[in-house]
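*Asks:* Curious how this folds, go ahead:
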Amino acid sequence: MRAGREFFGEHAERLARLCHALAERFARGGRLIALGATPAARSDARHVAVEFVHPVIVGKRALPALALAQEGGELDGQLRLLVGPEDIVIAFGADGDGGLAARALAVARGAGALTIAFARCGAEHELIPPAEDPAVAQELVETLYHVLWELVHVFFEHRGLLSGRRSRMRHDAGASAFLYPFLDERESELEPVIDDVRRSVLAKAADIAALRTQTLTDNAAQLEAAAEALRASFERGGKLLALGNGGSATDAMDVVADFRSPALGPKSAGRVGLASAGHPAIDLTEDPAILTAIANDIGAEAIFLRQVIAHGREGDALLALSTSGGSANVLAALAQARRLGMRTIALVGYDGGRILSERLADHVIVTRSEHIPRIQEAQATAYHVLRELVG
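*Replies:* Residues are numbered from 1 along each chain as shown. Below you'll find the predicted structure:
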């Protein structure tokens, strides 16, 4: 929370102006290209791309975005083939990728693209989270790119503020304009809109701070019990399967990256914070050939179920991420995991949905919000804490 107040307090106006700059580039035909060389950074690159292309805000336009990761080759080589002068390039994990993002950003800047990064690596906009803990830094960055995605749309609603576009009256009072001049408002002043967006950035940062607090305090016992169950599974030779849809799929990707990597355990309960080994974990959202084959031949409701049948064993664990708590393919996977004797953990939003009301998972962590970006941000905090507790 302290890091968030400092980070967004320092950068709120800059982020508001950055939203305007992004909107102008999108309006001129630009695309967002997200880069991620490390496993965790790859999950953020995928996450920001899916948010811009498939907005959950009803009625908002889909904006062109794609994610590039190392499976496609060196990032700078991929960018040389794809980047254009109106594009926006955003690099994740640049402080831990051995200079891969810095080389790619140099290519992007040379092409005229607007560049954004969260480490000092040669980007035009470097927004450095004030946090030594990489999990905290990643959580702040996730909130930041959600804020960019949410608020870039404000400038499309004020088309006269985008260069090369004619302004239009937001309210046409017609013959009554002389009586009600405020109804004849035109889109010609940028600074008041920038100030509105700046204040919205600060409000969203405050909202997520409160929601992270709720998620951790209300679910402390569930998180501790889930960590004990996971630790016991790993100690007996079990593995973790993780899944989710859309943005939650990228969170499952991040969960698996975190559990496969060594991590520091909590400096409490007699522990000294020594680094633990990684744990076996499988991302059930990772392979598009498997997902599309099952969806095409059987149906989308079976995309995780069939993989749980293939990979799940008694004593394994399943972690499901769902903002609604009611996605049919998530419910089917949880049911199958229970039939196999697996431990089940669910991170859900809203009121917990069917997963909580019907007790479809052994451990349910509920983030009580109806706003999907904030739910996902708070869930990231929860699974980072879960990883730390497992050790």
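
*Asks:* Surely residue 204 touches residue 144?
*Replies:* No: Residue 204 is not in contact with residue 144 according to C-beta atoms under 8 Å; the separation is 9.8 Å. C-beta coordinates here come from the backbone N, C-alpha and C atoms, glycine included.

*Asks:* When the two are compared, which one has more neighbours?
*Replies:* A direct count of neighbours by other C-beta atoms under 10 Å for residue 204 and residue 144 places residue 144 higher, at 26 against 22.

*Asks:* Skip the chain neighbours and tell me the closest residue to the more buried one.
*Replies:* For residue 144, the nearest residue in space outside its immediate sequence neighbours is residue 127; the separation is 6.5 Å by C-beta to C-beta, 6 or more residues apart in numbering.

*Asks:* Equivalent analysis for residue 225, please.
*Replies:* Nearest non-adjacent residue to residue 225, counting by C-beta to C-beta, 6+ apart: residue 363, 5.6 Å away.

*Asks:* Which strand residues bridge that neighbour?
*Replies:* residue 345 (DSSP bridges).

*Asks:* so what's it scoring on pLDDT?
*Replies:* Reported pLDDT at residue 363 in the predicted model: 98.

*Asks:* show me what contacts it?
*Replies:* Contacts of residue 363 were listed using C-beta atoms under 8 Å, 6 or more residues apart in numbering, and they are 222, 223, 225, 226, 229, 343, 344, 345, 346.

*Asks:* I'd like those residues laid out as JSON lines, including distance to residue 63 and neighbour count.
*Replies:* Written out in JSON lines, the entries for those read as follows (distance: C-beta to C-beta, whole Å; neighbours: other C-beta atoms under 10 Å):
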{"residue": "222", "distance to residue 63": "37", "neighbour count": "20"}
{"residue": "223", "distance to residue 63": "35", "neighbour count": "22"}
{"residue": "225", "distance to residue 63": "41", "neighbour count": "14"}
{"residue": "226", "distance to residue 63": "36", "neighbour count": "28"}
{"residue": "229", "distance to residue 63": "40", "neighbour count": "18"}
{"residue": "343", "distance to residue 63": "39", "neighbour count": "23"}
{"residue": "344", "distance to residue 63": "36", "neighbour count": "23"}
{"residue": "345", "distance to residue 63": "33", "neighbour count": "28"}
{"residue": "346", "distance to residue 63": "31", "neighbour count": "26"}
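
*Asks:* Turn those into CSV, including pLDDT.
*Replies:* Supplementary listing: these in CSV, determined by pLDDT from 0 to 100:
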residue, pLDDT
222, 97
223, 98
225, 98
226, 98
229, 97
343, 98
344, 98
345, 98
346, 98
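
*Asks:* can I get those residues in JSON lines with distance to residue 108?
*Replies:* Below are the contacts of residue 363 laid out as JSON lines (distance: C-beta to C-beta, whole Å):
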{"residue": "222", "distance to residue 108": "43"}
{"residue": "223", "distance to residue 108": "40"}
{"residue": "225", "distance to residue 108": "46"}
{"residue": "226", "distance to residue 108": "41"}
{"residue": "229", "distance to residue 108": "44"}
{"residue": "343", "distance to residue 108": "44"}
{"residue": "344", "distance to residue 108": "43"}
{"residue": "345", "distance to residue 108": "39"}
{"residue": "346", "distance to residue 108": "39"}
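
*Asks:* out of those, which one sits closest to residue 50?
*Replies:* Distances from residue 50 to those, taken as C-beta to C-beta, are shortest for residue 346 (20.7 Å).

*Asks:* Relative to residue 28, how far out is the nearest residue to the closest one once chain neighbours are set aside?
*Replies:* Using C-beta to C-beta, 6+ apart and skipping residues adjacent in sequence, the residue nearest residue 346 is residue 361, 3.9 Å away. Taken as C-beta to C-beta, to the nearest Å, the spacing of residue 361 relative to residue 28 amounts to 46 Å.

*Asks:* Please identify which of these two sits among more neighbours.
*Replies:* Set side by side, residue 361 and residue 28 give different neighbour counts by other C-beta under 10 Å, the larger being at residue 361 (28 against 13).

*Asks:* pLDDT value on residue 177, please?
*Replies:* 44.

*Asks:* what residues are up against the nearest residue to residue 194 once chain neighbours are set aside?
*Replies:* For residue 194, the nearest residue in space outside its immediate sequence neighbours is residue 16; the separation is 4.8 Å by C-beta to C-beta, 6+ apart. The contact partners of residue 16, by C-beta under 8 Å, 6+ apart, come to 151, 194, 195, 197, 198, 201.

*Asks:* Quick check: ChimeraX command selecting the buried ones in those residues.
*Replies:* This is how ChimeraX selects the buried members of the contacts of residue 16, with burial counted by 16 or more other C-beta atoms under 10 Å:
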select :151,194,197,198,201
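
*Asks:* Point out where the stretch 51-200 of the chain drops to low pLDDT.
*Replies:* Within the stretch 51-200 of the chain, the segments meeting pLDDT under 70 span 56-58, 159-160, 164-188.

*Asks:* try 90 this time
*Replies:* Counting by pLDDT under 90, the stretch 51-200 of the chain has low-confidence residues at 54-61, 71, 94-98, 155-190.

*Asks:* Would you map the strands across it?
*Replies:* Assignment of strands within the stretch 51-200 of the chain using DSSP state E, counting those that start in this stretch yields the ranges 65-69, 88-92, 114-117, 125-126.

*Asks:* which one of the ones you listed lies closest to residue 289?
*Replies:* Comparing those by their distance to residue 289 (C-beta to C-beta), the top pick is strand 65-69, with 16.4 Å.

*Asks:* sorry, back to before: what's the farthest-apart pair in the contacts of residue 16?
*Replies:* Between all members of the contacts of residue 16, the longest pairwise span (C-beta to C-beta) is found for 151 and 195 and amounts to 12.4 Å.

*Asks:* Send me stretch 10-20 as CSV with only the CA atoms.
*Replies:* Extracted as CSV, the C-alpha positions of stretch 10-20 are listed here (Å, rounded to 0.1, in the frame of the first residue of the first chain):
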residue,chain,number,x,y,z
GLU,A,10,4.3,10.4,-8.3
HIS,A,11,3.1,9.3,-11.8
ALA,A,12,-0.6,10.1,-11.9
GLU,A,13,-0.4,13.1,-14.2
ARG,A,14,2.3,11.4,-16.3
LEU,A,15,0.0,8.4,-16.7
ALA,A,16,-2.9,10.7,-17.7
ARG,A,17,-0.8,12.2,-20.5
LEU,A,18,0.4,8.8,-21.5
CYS,A,19,-3.2,7.7,-21.9
HIS,A,20,-3.7,10.6,-24.3
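
*Asks:* Great, nothing more from me.
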